[in-house]
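Participant: structure for this input, please:
(one chain, ligands or ions: 1)
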Amino acid sequence: MVFTLSVVTGCFAVENSGTNLTLSMEIGNPVMTVNGTQSEIDPGRGTAPVIQNGRTLVPIRAIVEAMGGTVNWDGETQTALLEYNGDAITLTIGSKTAYLNENENTLDTAPAVINGRTMLPIRFIAESFGFDVEWDDDTKTITISGQTVSADTPATVQEENSDTGENSDESANVLVVYYSATGNTEEAANKIASAVNGDIFEIEPAEPYTSNDLNWNDENSRVVYEYENPDERDVELVSTAVPDWESYDTVFIGYPIWWGIAAWPVSSFVEANDFTGKTVIPFCTSSSSGIGESGTLLEETAGTGNWIDGMRFGSRVSEDDISTWVNSVLENTEDTDSLEN
Ligand SMILES: Cc1cc2nc3c(=O)[nH]c(=O)nc-3n(C[C@H](O)[C@H](O)[C@H](O)COP(=O)(O)O)c2cc1C
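Facilitator: The predicted structure is shown next:
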C-alpha cells in the first residue's frame, strides 16, 4: 500500500477553535501527561524520549494524535508525514532536511531509528504546528502547550486529502492480535509489534485463566474440562472488537499451543471477526510442539482472509529470531510499504 507524500499547502487550514493542550514528558520516562492524565508515549512498547545532539527525539504518533493531528509513514522512502490543522510536515530518517508545507528547514538532529522505533524531533514538530515548547533542564522535562484545533478538523483535512489517494490511517495498517495465558506469547507479540511498528490488541477472556485453571495435570481443572468437552471451549471475551479493524490489511495472530492446537480464546476472536481483504499471519509459542494444524484450523473457523503459513516460537523468543522471521514473511506479502520501523 503506497501513499503519495504530497506536500499539503495551507489552502484548507481551519480556524483554531479547540481546547487547551498541555502535554509534558521527561527524558527516559515512557509516560507522558496530557492535560493531567498520564498515558504511554508509545503504547505497549515502553519507548521514552531521548536526547541526541541536544535535541529531544520522541516516538511521535501518540503526541501528534493528542494534538488532533495524524501521522503517516512511507516505509519505502523512510519518511513520516505529519498533518495538523492544514499544515504538513515531512521528515526523513537520517536527513536533517524537513519540510513544513513547501518550506525547507534544516534540523539540528536528524530523525533516527532507535531500538527499532522511529524517533522524531519534538520541538521542531510542535513549534511548526504552532504550539509553545518549554524545556526544564533540571527535571529534563519538555512541555508543549497551546490550543488544539476543534474535533472535526482532522476529518476536514482527511477529506481534502482524498484527492491524493491518501488515507491518514494507512500507516497503522499492521495489527498484532494475541492471546497469552502466562506471558510467553505476549512477549513474542510485543517484539513483532515493535519490529513492524504495528498496533497491538490483546484477546482477554472475560474470565481469565488462573494458574489452577491452566493445570493440565489436574483432571478437574478448567482447561482439562474444556479440552475434554470441545463444546465448552467457546470462551467469552472481554471484547472482540478491535478499534479501526477496517484499517488493517495485515494481521499477525498469536497464541499458545494447547494440546497441539491454538488456545481456544483465539478461536472465539477469530470467529467473531471478518478477515476479508486481510493477510493473516499466525504465530504461536509452545514448549515443544510445532504450529501443526493450528493456523489451518483457525483459517477454517474464520472462513475469510488470506491466511499464510505461520511460525512457532519457543517459550522464550529473541528479538533477532522475530525480526528475521518478520522480514522474511513480509517480503512474501505484498503490502509492506507503510510499515514503520
Ligand atoms: C493447557 C496447556 C496446554 C499445553 N499444551 C501444549 C502442547 O500441546 N504442546 C506444547 O509444546 N506446549 C503446550 N503447552 C505449553 C504452552 O504452549 C507454552 O508454555 C506457551 O509458551 C504458553 O504461552 P503463554 O505464556 O503465552 O500462555 C501447554 C500449556 C498449557 C497451559
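
Participant: show me which residues of the chain sit near the ligand.
Facilitator: 180-186, 214, 216, 223, 256-260, 285-289, 315 (C-beta under 6 Å from any ligand atom). Where C-beta positions appear, they are placed from N, C-alpha and C, glycine not excepted.

Participant: give me the subset of these lying in helices.
Facilitator: Those of those mapping onto helices are Asn184, Thr185, Glu186, Val223, per DSSP state H.

Participant: what segments of this protein are helices?
Facilitator: Assigned by DSSP H, the helices in the chain fall at 61-67, 122-128, 153-161, 184-196, 222-228, 264-272, 294-302, 319-331.

Participant: that older thread, buried ones among the residues of the chain next to the ligand?
Facilitator: Ser180, Ala181, Asn184, Thr185, Glu186, Leu214, Val223, Pro256, Ile257, Trp258, Thr285, Ser286 (16 or more other C-beta atoms under 10 Å).

Participant: the closest residue to the first one other than its chain neighbours: what's it in contact with?
Facilitator: Computed as C-beta to C-beta, 6 or more residues apart in numbering, the closest residue to Ser180 that is not its neighbour in sequence is Glu186, at 3.8 Å. By C-beta atoms under 8 Å, 6 or more residues apart in numbering, Glu186 lies in contact with Tyr178, Ser180, Glu202.

Participant: how far away is Thr70 from Asn306?
Facilitator: From Thr70 across to Asn306, the span is 27 Å (C-beta to C-beta, to the nearest Å).

Participant: oh, that last question was meant for Tyr227, not what I typed.
Facilitator: Distance from Tyr227 to Asn306, counting by C-beta to C-beta: 30 Å.

Participant: just give me the neighbour total for the residue in the stretch 1-150 of the chain positioned nearest to the ligand.
Facilitator: Closest contact between the stretch 1-150 of the chain and the ligand, by C-beta to the nearest ligand atom, is at Gly44 (15.4 Å). Neighbours of Gly44 under the rule other C-beta atoms under 10 Å: 17.

Participant: and the pLDDT at it?
Facilitator: pLDDT recorded at Gly44 is 73.

Participant: one more: the one 10 residues further on?
Facilitator: At Gly54, the pLDDT value in this model is 83.

Participant: low-confidence ranges, this structure, go.
Facilitator: The model of the chain has pLDDT under 70 over residues 1-18, 75-76, 115-116, 150-172, 334-341.

Participant: would you map out the domains in it?
Facilitator: For the chain, automatic domain parsing gives the domain ranges 10-163, 173-331.

Participant: distance between the ends of the last one?
Facilitator: This means domain 173-331. 16 Å (C-alpha to C-alpha, to the nearest Å).

Participant: adjust the sequence numbering to begin at 7 for everything that follows.
Facilitator: With the count now opening at 7, the last piece we talked about shows up as domain 179-337.

Participant: roughly how far is that domain from the heart of the chain?
Facilitator: Here domain 179-337 is found 17 Å from its chain centre; the criterion is C-alpha atoms, centre = their mean, to the nearest Å.

Participant: likewise for the shortest one?
Facilitator: Relative to the mean C-alpha coordinate of its chain, domain 16-169 is positioned 16 Å out (C-alpha atoms, centre = their mean).

Participant: and Glu325, how many neighbours?
Facilitator: When neighbours are counted by other C-beta under 10 Å, Glu325 registers 13.

Participant: wait, what's in contact with it?
Facilitator: The contact partners of Glu325, taken as C-beta under 8 Å, 6+ apart, are Lys197, Ser200, Ala201.

Participant: most neighbours among those residues, which one?
Facilitator: Neighbour tally across those (other C-beta under 10 Å): the maximum, 24 neighbours, falls on Ser200.

Participant: count the residues that sit near the residue nearest to Leu87 when sequence neighbours are not counted.
Facilitator: The shortest distance from Leu87 to any non-neighbouring residue, by C-beta to C-beta, 6+ apart, is to Asn78 (4.4 Å). As a burial measure, Asn78 scores 23 neighbours (other C-beta under 10 Å).

Participant: right, and Asn78 touches Ala86 too?
Facilitator: Yes - counting by C-beta atoms under 8 Å, Asn78 touches Ala86, with 7.2 Å between them.

Participant: the residue nearest to Ile120 when sequence neighbours are not counted pairs with what?
Facilitator: Nearest non-adjacent residue to Ile120, counting by C-beta to C-beta, 6+ apart: Val56, 6.4 Å away. Following DSSP bridges, Val56 is listed with bridge partners Leu63.

Participant: I'd say Val56 and Ile47 touch.
Facilitator: No - Val56 is beyond contact range of Ile47, at 11.3 Å (criterion: C-beta under 8 Å).

Participant: looking at those two, which is more packed in?
Facilitator: Higher neighbour count among Val56 and Ile47: Ile47, with 23 against 17, using other C-beta under 10 Å.
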